[in-house]
Every structure is written in structure tokens, then in C-alpha cells.
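S.K.: only geometry, no sequence info:
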């Protein structure tokens, strides 16, 4: 019964992603979260916007933010990096839930962005990016001429 619930939830998410993709928005929840046993270390993301910019925040505790690789191509933002295992000699861990190794996380951006003006900064394990919208993606006011 529980397997049916999870398969139903996965099917529903897939159907919603398809619906939003057909509308040109992209997947509603582009979350690739795995269980702790999968040792997933891909960061959790927030994506927001105002009239001029998109904003991305990624949780990256334990990462050296200077060693991240950020790329934007074809309306996709890709964040990749690695978390090195920190081991102290003489300690035998009984439980290890923090993943280590390489990760890559990509999200589809809703519209075109101005790649020349992207800004990224990080502090306290949080990466914050400002991605300015391309002029073609911003709303345009159209005036009506009367005769």
C-alpha cells in the first residue's frame, strides 16, 4: 500500500511537471532530493523573481563556495562542486549522514537572462545569485496611438 502511495505521488509530480513544461514554465518542483542512504549532496534551492531579476539561493553547508562551478546555458543554471570528506585520525564514526563527493544540480530558468550581469556571492554556507532578466524577457508597456 505504501509503495502505491509513493508511486502515485511520483506519477502526479511527473504529470504536473509535464503540464508546467507545456505552458513554457518548466517543472514546478525541480527537486532532486534523495534519501540519506543515497548520499545525495545536491543543494536545496530557492528560485524567485521580481520585475528585473531572478534570484537563486542554494544551501551549501560545508562547501568551499570559491570552488563551485556556476554556468548558464540555454536558460539552464548549473551548479556543480564537491564536498571533501573530513576525517580525523582515530575517530570511527558510527553514523555518517553528511554526503561527500561531487554533485551537479541544474534548474531551468523561466526566461532569458543577461549572462553578462550575473552576480554570485556566498556566506555562511548559502550561495546567493542575482540573474538579471534580458530586456526581451521584461514586460513591455505598449502605448496605443490614436488618430
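M.R.: On my side now, so go ahead. Quick caveat: nothing in here was measured; it's all calculated off a predicted structure.

S.K.: ok, and the closest non-adjacent residue to the spatially most central residue of the chain?
M.R.: Centroid-nearest residue in the chain, with CA atoms, centre = their mean: residue 45, separated by 4.4 Å. Residue nearest to residue 45 in three dimensions, not counting chain neighbours: residue 58, with 5.1 Å by CB to CB, 6 or more residues apart in numbering. From N, CA and C alone the C-beta is placed, and that goes for glycine too.

S.K.: Do you know the pLDDT at the residue nearest to the centre of the chain?
M.R.: pLDDT recorded at residue 45 is 90.

S.K.: so it touches residue 56, yeah?
M.R.: Yes. Between residue 45 and residue 56 there is a contact at 6.1 Å, judged by CB atoms under 8 Å.

S.K.: intersection of neighbour lists for the two?
M.R.: residue 107 (CB atoms under 8 Å, 6 or more residues apart in numbering).

S.K.: re earlier: and the residue nearest to residue 45, how far is that from residue 89?
M.R.: Distance of residue 58 to residue 89, computed by CB to CB, to the nearest Å: 32 Å.
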